[in-house]
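Chemist: from the sequence below, what's the structure:
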Amino acid sequence: MLEPALANPELTGSHAPDREKKIQREWDKYVKTMKDKVKSFHKNMANRFNPNTYLFYSDSPDHMSYGAVIWRGRESEYSRHLWKAAQSRPHYNQYRLAMETDRHGHERVYRYEIGEPEDPGDGTVPSRSSRAGAEHARRTLAVATEHQSAYDNAEARWFVLGAILEMAQQWQ
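Modeler: Next up is the predicted model:
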């Protein structure tokens, strides 16, 4: 889902007849950037690691993270009128509404909510993402910590200090 206010702030609150076309143009630019620039950048960076890579991350079931964002939907009791009113607000609670037409041509309003995070991690980054490239790291450490307070963990601090000392010893 594209938030028009993020794609082009000028479109916020706009009810101009060409608003949808402008939003679509912004979306098309985004897709082109992803295909032409971001994809090739990631492809070129694949399996390239600094020889001094040290990696610590959280792999905690106490700090679940989004490995995948899953939208769960169900039919809503919203009428067309309430759906239109909700659409005029850029962020309406923690859900999104969509008007869809069923196979009989009847309009139905569906309410979509983001499911709960399902992967262990640090509450922000899932451990499966954090472990990416671990086989190329000199050393790795999995600790149970939250993202924001990772350096409050004594084991993590000692790991980082050890990594710095190891690199300093090799400096010439």
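
Chemist: from now on I want contacts and neighbour counts done on CA atoms only, so please keep to that.
Modeler: Noted.

Chemist: same question for stretch 54-62, mean pLDDT?
Modeler: Taken as a whole, stretch 54-62 has an average pLDDT of 94.

Chemist: now do the same end-to-end measure for it.
Modeler: For stretch 54-62, the first-to-last residue distance is 24 Å (Cα to Cα, to the nearest Å).

Chemist: what are the buried residues along that stretch?
Modeler: The neighbour-count criterion (16 or more other Cα atoms under 10 Å) identifies Tyr54, Leu55, Phe56, Tyr57, Ser58, Asp59, Ser60 as the buried residues of stretch 54-62.

Chemist: just the ones of those residues in strands?
Modeler: Mapping the buried residues of stretch 54-62 onto strands (DSSP state E) picks out Tyr54, Leu55, Phe56, Tyr57, Ser58, Ser60.

Chemist: what's the closest of the residues you listed to Trp171?
Modeler: For Trp171, the closest of these turns out to be Tyr54, at 15.9 Å, with distances computed as Cα to Cα.

Chemist: isn't that closest one right up against Ala163?
Modeler: Yes - the pair formed by Tyr54 and Ala163 meets the contact definition of Cα atoms under 8 Å, at 6.7 Å.

Chemist: tell me which element Thr140 falls in.
Modeler: Under the assignment given by DSSP states H and E, the secondary-structure element containing Thr140 is strand 139-143.

Chemist: contacting residues around that strand?
Modeler: Identification of contacts with strand 139-143 by Cα atoms under 8 Å, 6 or more residues apart in numbering yields Thr53, Tyr54, Leu55, Phe56, Tyr57, Ser58, Asp59, Ser60, Ala134, Glu155, Ala156, Phe159.
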